[in-house]
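In: from the sequence below, what's the structure:
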Amino acid sequence: MYRRDLRDTDADDLLAAMASADAVVQAAPAPDGDHVAYAKTREGRTDLWLWDGTTDTRLTSEGITAQRYGRGDPAWFDWHPDGDAVAFLSAEGSLSTVDPETGRVETLTGYDEPDRGLAYGPAGETLAVVTDRFSRASLALVTADGSRVEALADDEYLYGDPAVGDDGTVYATRAEHRHLFDYEAALVAVDRGGDGVGGAGDADIDPGADGVRELFAEDAVRVRNVRPRPDSTEVAFVHDGTGFDAVYVVDGAAASEAEPEPLYAVDGAEVADPAWSPSGKTLAVTVTRDARAAVHVVDRDGFADVVSEGDAFATAPRWRDGDVLAVRDTPHEPPAVWNVSADERVSPSASPDFGARVPTPETITYESGDEEIQAVVYPPEDGAADDSVPVLVKAHGGPTSFDRFRFDHRAAYLAALDYCVILPNYRGSDGYGRAFRMANDGDWGGGDLDDVIGAADAAAAAYDAVDGARAGIYGGSGGGLMTVNALGNSDRFRAGAAFYGVYDYETFLDDTDDIGWQLMKRELGDVATDIENYRDASPIRHTAEIDAPLLVLHGEDDARVPISQSEQLCDELERHGARYEFRRYEGEPHGFGGRESVIDAYTRVADLFAKYLRVDPDDGSSRPHPTDEPDRTSN
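Out: Residues are numbered from 1 along each chain as shown. Below is the predicted model:
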């Protein structure tokens, strides 16, 4: 379908270096402030590391559960109050601890069902966890030696983001299964004391003393980021009742649901990730606006100072010796631990400086129907001739994810090959308020698809150098879905590359995990009454209209979107005589993390776009497409 090495292969080393760069997920300073434990992804696997200011030590070697979604992430690991252990979730979801001095790992929960969240109690004798042991996402308490696991809340709800107050009260978010936390969730408290209000210390495990109280709940309002205040019964948390995430405070000792006090909001921005200072006098928060995330410090009266800003994205702030640490990345720098108060990098890095080779992105906005869409753009080089640069549209996944000023080796690589790469935050994206996040509910493949297709025209209108007629599209997961939908519902693109997408919603229900199952039911309705919604929204229904060549790529170990989705798509493409190629990647889960897989996949994508979008791309070094490769092709 395309010649190999038709791309400019001089940029291959950039892709390899950026794909190999270490990426920090989250960090947590030790109670004494002398060390920082942090989760770091290397070569597709995430482990715990320890930095003491001089030496970087790997604490785990078999992987942990931690992911940097973008903002409002839960605490993936936690220090024991005495600093003699770090609790974490293994890659399989077992609650474990590691001794920061010896590196000895101890597994506390060895049952088959995964744990999903954790927090030490104030004395370190127990941990609050979210676990599937009793029912999906139930709330439990585990003794620090793993000898006992007790269900605190085992019912029809999903629990998340557990936290423990100084009095032993366990706090968490709670949502119905169908809401999956991103539509509606409540703040609850689980009392451990005999009086039904407050706690009696985390060593007091009396099943008869349990009682779940709702501290805050509103219809169609999402609660997240539960953070008890030190030396107080107050609890800070985030909800989007005004249309944007903001920080509120409520008295956790209230006997019944109380009106929360607004603490900090920023007009037109999403405020999240509250982290109390050890004194409880101030909070560090992230403020997301215009595809960037800054860190602000807020006192108890709501007065704030801006600590960090600029073309960067900061997440998960934590306090250390009066300064705020956060995980921060930029389009030129991979995620790392930064002291944002001092604007200094904390965690070490072996990555080269990518700034000289990676274009600097910017944002543009464009109208799409009745919505204003913001996009991150890697623009053409200054001085490029008019109509000389092809454009690539990258559709993000989720669909409630969003593209931002971050370290994106895929987009940067394609931009380094002299494409204008535009990343539209189409309706349904996070980061722009609740109404925009829900704007594609019940309309998948409608307005959101218009936003994506319109991105190519928006880039051509914004930059004279862009030739809008030479346009390609690519994306993964929800972005793979969007790619196939765009090719089947328009003639706007000359070629596309779809990674691990959902293409037939009806069959997807049979193969996906519980999150995928619940998401489909919420967005498209019940199969018994709304089956036509599933069929109408499925990109596979439009394969007969796909004329552009399509590269389909999928990992064989994908549990969220099984590879059967791509197999079905290719069956339909072949039946209709479409031009396609299907690449399978052994051992890859949802999303490609392995260096060799990323390099193979994206050099193939670059060769595809070089053939169909570039004028005279060959410098004499290209070679014929191999005919003996095992993957399917229409060649």
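In: tell me, what residue is most central in this structure?
Out: Taking Cα atoms, centre = their mean, the centroid of the chain lies closest to Tyr69, which sits 2.2 Å from it.
In: for it, which non-adjacent residue is closest in space?
Out: Among residues not flanking Tyr69 along the chain, Ser401 sits closest, at 7.7 Å (Cβ to Cβ, 6 or more residues apart in numbering). (Each C-beta comes from the backbone N, C-alpha and C, glycine too.)
In: how far away from the center of its chain is stretch 237-251?
Out: 21 Å (Cα atoms, centre = their mean, to the nearest Å).
In: with stretch 344-360 instead?
Out: The answer for stretch 344-360 is 21 Å, by Cα atoms, centre = their mean.
In: give me the distance between the two termini of that stretch.
Out: 21 Å (Cα to Cα, to the nearest Å).
In: confirm the residue nearest to the centre of the chain sits in a helix?
Out: No. Counting by DSSP: H, G, I helix; E, B strand; the rest coil, Tyr69 is not part of a helix but coil.
In: tell me how far it lies from Ala316.
Out: Going from Tyr69 to Ala316 by Cβ to Cβ, to the nearest Å gives 10 Å.
In: swap in Leu573?
Out: Counting by Cβ to Cβ, the gap from Leu573 to Ala316 is 42 Å.
In: which of the two has more residues huddled nearby?
Out: Ala316 (28 against 24; other Cβ atoms under 10 Å).
In: now the top strand by length along the chain: buried residues?
Out: Taking DSSP state E as the assignment, the strand of the chain that covers the most residues is strand 466-476. Within strand 466-476, the residues that count as buried by 16 or more other Cβ atoms under 10 Å are Val466, Asp467, Gly468, Arg470, Ala471, Gly472, Ile473, Tyr474, Gly475, Gly476.
In: which residues does Ile373 form a beta bridge with?
Out: Tyr366 (DSSP bridges).
In: meant to ask about Ala495
Out: Applying DSSP bridges, one finds that Ala495 bridges with Gly472.
In: please name the residues that touch it.
Out: Taking Cβ atoms under 8 Å, 6 or more residues apart in numbering as the contact definition, Ala495 lies against Gly472, Ile473, Ala548, Pro549, Leu550, Leu551, Leu608, Phe609, Lys611, Tyr612, Leu613.
In: report the contact partners of the last one.
Out: In other words, Leu613. Pro390, Leu392, Tyr419, Arg470, Ala471, Gly472, Arg494, Ala495 are the contacts of Leu613 under Cβ under 8 Å, 6+ apart.
In: now Asp161: which helix or strand?
Out: Using DSSP states H and E, Asp161 falls within strand 157-164.
In: and that strand, what does it pack against?
Out: With contacts taken as 3 or more Cβ pairs under 8 Å, 6 or more residues apart in numbering; DSSP states H and E, strand 157-164 sits against strand 115-120, strand 126-131, strand 138-143, strand 170-176, strand 223-228.
In: could you redo the last one with a cut-off of 6 Å?
Out: Helices and strands touching strand 157-164, by 3 or more Cβ pairs under 6 Å, 6 or more residues apart in numbering; DSSP states H and E, are strand 115-120, strand 126-131, strand 170-176, strand 223-228.
In: tell me which residues are up against the helix or strand that the third one is followed by.
Out: Meaning strand 170-176. Per DSSP H and E, the first helix or strand lying C-terminal to strand 170-176 is strand 186-190. With contacts defined as Cβ atoms under 6 Å, 6 or more residues apart in numbering, strand 186-190 is touched by 152, 169-172, 174, 212-217, 223, 237, 252.
In: one more time with 7 Å
Out: 139, 152-153, 169-174, 210, 212-217, 223, 226, 237, 250, 252 (Cβ atoms under 7 Å, 6 or more residues apart in numbering).
In: out of those, which end up buried?
Out: Of these, these count as buried by 16+ other Cβ under 10 Å: 139, 152-153, 169-174, 210, 212-213, 215-216, 223, 226, 237, 250, 252.
In: dump the helix or strand of the chain with the lowest mean pLDDT to CSV, restricted to CA.
Out: One helix or strand of the chain scores below all others by mean pLDDT, DSSP states H and E: helix 514-524, with a mean of 76. Taking Å, rounded to 0.1, in the frame of the first residue of the first chain, the C-alpha atoms of helix 514-524 are listed here in CSV:
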residue,chain,number,x,y,z
ASP,A,514,-16.7,-3.4,32.3
ILE,A,515,-15.8,0.2,31.8
GLY,A,516,-16.3,-0.1,28.0
TRP,A,517,-19.6,-1.9,28.6
GLN,A,518,-20.9,0.7,31.0
LEU,A,519,-19.8,3.6,28.8
MET,A,520,-21.6,2.2,25.8
LYS,A,521,-24.9,1.8,27.8
ARG,A,522,-24.7,5.3,29.1
GLU,A,523,-23.9,7.0,25.8
LEU,A,524,-26.0,4.9,23.4
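In: next up, the contacts around Pro230.
Out: Pro230 touches Asp166, Trp276, Pro278, Ser279, Gly280, counting by Cβ under 7 Å, 6+ apart.
In: one more pass at 10 Å, please.
Out: Residues near Pro230 by Cβ atoms under 10 Å, 6 or more residues apart in numbering: Pro122, Gly165, Asp166, Trp276, Ser277, Pro278, Ser279, Gly280, Lys281.
In: what's the domain layout of the chain?
Out: The domain map for the chain lists 9-15+354-613, 23-268, with the assignment taken from automatic domain parsing.
In: all helices of the stretch 501-635 of the chain, in order?
Out: For the stretch 501-635 of the chain, the helices defined by DSSP state H, counting those that start in this stretch cover 505-511, 514-524, 527-537, 564-575, 595-613.
In: ok, the residue nearest to Tyr69 to Asp443 distance?
Out: 18 Å.
In: with Phe493 instead?
Out: For Phe493 relative to Asp443 (Cβ to Cβ), the value is 21 Å.
In: between these two, which is the more surrounded one?
Out: The residue with more neighbours, out of Phe493 and Asp443, is Phe493; 24 against 14, by other Cβ under 10 Å.
In: find the nearest non-adjacent residue to the more buried one, please.
Out: Nearest to Phe493 is Ile473, by Cβ to Cβ, 6+ apart, at 4.7 Å.
In: ditto for Glu113
Out: Glu113's closest residue in space is Asp132 (Cβ to Cβ, 6+ apart), at 3.8 Å.
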